[in-house]
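S.K.: turn this into a model:
(4 chains)
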There are 2 protein chains.
Amino acid sequence: MSDSGESVKRKTKRPSAERTTQRDPERTRAAILEAATKEFAENGMGGARVDSIAERAGTNKRMLYHYFGDKEQLYLRVLEEAYVRIRTAERALNIGTRDPEEGIGELALFTWRYFLQHPEFLSLLGTENLHRARWLRQSVRLKELHSHLIGELSQVLEEGKKSGVFIETADPLHVYLTIASLGYFYLSNQYTLSTIFGRDLITPANLEAWERHIVHVTLASIKR
Amino acid sequence: MSDSGESVKRKTKRPSAERTTQRDPERTRAAILEAATKEFAENGMGGARVDSIAERAGTNKRMLYHYFGDKEQLYLRVLEEAYVRIRTAERALNIGTRDPEEGIGELALFTWRYFLQHPEFLSLLGTENLHRARWLRQSVRLKELHSHLIGELSQVLEEGKKSGVFIETADPLHVYLTIASLGYFYLSNQYTLSTIFGRDLITPANLEAWERHIVHVTLASIKR
DNA sequence: CAAGCCGGTAACTAAACAGTTACTTGATGG
DNA sequence: CCATCAAGTAACTGTTTAGTTACCGGCTTG
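M.R.: From the prediction side, this is the model:
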């Protein structure tokens, strides 16, 4: 894929006039993916409209089918990309090498803030689970993406147990699920919750309170 | 609504042959509601098919539109009924009058087990939140249904604070959201979670472990 | 400068869908 | 035994939708 002096195409590569609203495959592809992410997040798999995606992307259905095959393949691509993005950002935390209590706290904060800034990711998860992971199961790319997270979590928990700050029964998967639960539910269910309890959960003050609550609960559940 | 000897209709009320697959409005209505609950839970609002609901109910579209108006009104009815059912069962716990620690533990257990036995309720919540509570917001019946829960929770938390078992900062809404988060996320996201972590979360052993975890986390977060 | 390829457009098609209408059946009451 | 009315059926309609096809135009290359 690297342009290693090959004669395939683009010798003169559009010398001046960097963008004259001309054709640009990469740009179109990326625009479709971004538009599809929004459309699927807002309307789910059943509710998303292919025409609407094409329009949001500033292109048309022909290109969408050209690049992605059909609606289902496009959806899977959107989902895979969303997972890759969060796991990549998470990896940069390097919680494995930190002080145990600080490491867990940082993971909780990161997860909460990522969820808060990427509501489309939560939506996509919800949609995919409504369909019992029908599309994610077919994905070959994602299996190994997640073992790294559990590995680092195990590492930091073990260290905490050795130094006596964490209880012996603390389990890496349970800790991650606890952190994710508290963030996911609050945000993804904010609309019904705000309605039934008559209290707007998304005000800055309430968000900050819940952030502190997540860190507090996570640490309280594993500290000796 | 009670049959107080009124002369409206059904004087002889079908004396023998209790059901000859004849007409029965109540039965048809209930069948449609039950079928709709399943269809909406499995496919969401956008994915649910009116024809499919009619077929599942053993009737046809004409009756569905006759009793419920249109698809949206039927959906709202399904959602309202689901909320009424969980809040009614919850009320029977009477946590307000119990020993504080036991009361909170019982609420956590009840919520977890109710979610486990009523996956369609979780699905409906997910669907409704995807649409930002568009239909629930229109409901007039549900506003007061939830103040009771928070009231009883406040009561039991206050008592726990007085007797010194709970910390002063424990907040009723936060406690409920913690319990609901841990149950909801584990179950509603079980499909993607099982896939990415390569571990079946729904085995009896894993379910029991998570049940114990929920009670542990909830109490650890508010105990002094 | 001619051939053809590739990014892109727009109109089309077959199927699926929500909602409607015209009709059937059977119980009741005069 | 006939008129009425409500429960229920089934075929129909207009619209929306995923996916396709016929075509355009400019760039690259021989």
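
S.K.: any part of stretch A:25-39 near chain B?
M.R.: No - legend: contact between stretch A:25-39 and chain B by Cβ under 8 Å from any Cβ of the partner chain is lacking; minimum distance shown is 11.8 Å. Every C-beta, even on glycine, is put in place using the N, C-alpha and C of the backbone.

S.K.: any idea how far that stretch is from the middle of the chain?
M.R.: Centroid separation for stretch A:25-39 versus its chain: 16 Å, with Cα atoms, centre = their mean, to the nearest Å.

S.K.: are that stretch and DNA strand C in contact anywhere?
M.R.: Yes - counting by Cβ under 7 Å from any atom of the strand, DNA strand C is contacted by stretch A:25-39 at A:25, A:27-28.

S.K.: can you list contacts of the helix or strand A:Glu26 falls within?
M.R.: Using DSSP states H and E, A:Glu26 sits in helix A:25-47. The contact list for helix A:25-47, computed with Cβ atoms under 8 Å, 6 or more residues apart in numbering or on different chains, reads A:48-49, A:52-54, A:56-59, A:63-64, A:67-68, A:74-75, A:77-78, A:81-82, A:119-121, A:123-124, A:126-127, A:130-131, B:43-47, B:127, B:130.

S.K.: CA atoms only for that helix, dumped as PDB, please.
M.R.: Provided in PDB are the C-alpha atoms of helix A:25-47 (Å, rounded to 0.1, in the frame of the first residue of the first chain):
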ATOM      1  CA  PRO A  25     -11.400   8.100  -2.700                       C
ATOM      2  CA  GLU A  26      -9.800   8.200   0.800                       C
ATOM      3  CA  ARG A  27     -11.800  11.200   1.800                       C
ATOM      4  CA  THR A  28     -15.100   9.700   0.500                       C
ATOM      5  CA  ARG A  29     -14.500   6.400   2.300                       C
ATOM      6  CA  ALA A  30     -13.700   8.200   5.500                       C
ATOM      7  CA  ALA A  31     -16.800  10.400   5.100                       C
ATOM      8  CA  ILE A  32     -19.000   7.400   4.600                       C
ATOM      9  CA  LEU A  33     -17.600   5.700   7.700                       C
ATOM     10  CA  GLU A  34     -18.100   8.700   9.900                       C
ATOM     11  CA  ALA A  35     -21.600   9.400   8.600                       C
ATOM     12  CA  ALA A  36     -22.500   5.700   9.100                       C
ATOM     13  CA  THR A  37     -21.200   5.800  12.700                       C
ATOM     14  CA  LYS A  38     -23.600   8.700  13.400                       C
ATOM     15  CA  GLU A  39     -26.600   7.200  11.600                       C
ATOM     16  CA  PHE A  40     -26.200   3.700  13.200                       C
ATOM     17  CA  ALA A  41     -25.600   5.300  16.600                       C
ATOM     18  CA  GLU A  42     -28.700   7.400  16.400                       C
ATOM     19  CA  ASN A  43     -31.100   4.900  14.800                       C
ATOM     20  CA  GLY A  44     -29.800   1.400  15.400                       C
ATOM     21  CA  MET A  45     -29.400  -1.200  12.700                       C
ATOM     22  CA  GLY A  46     -33.100  -1.500  11.900                       C
ATOM     23  CA  GLY A  47     -33.700   2.300  11.900                       C
END
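
S.K.: much appreciated, bye for now.
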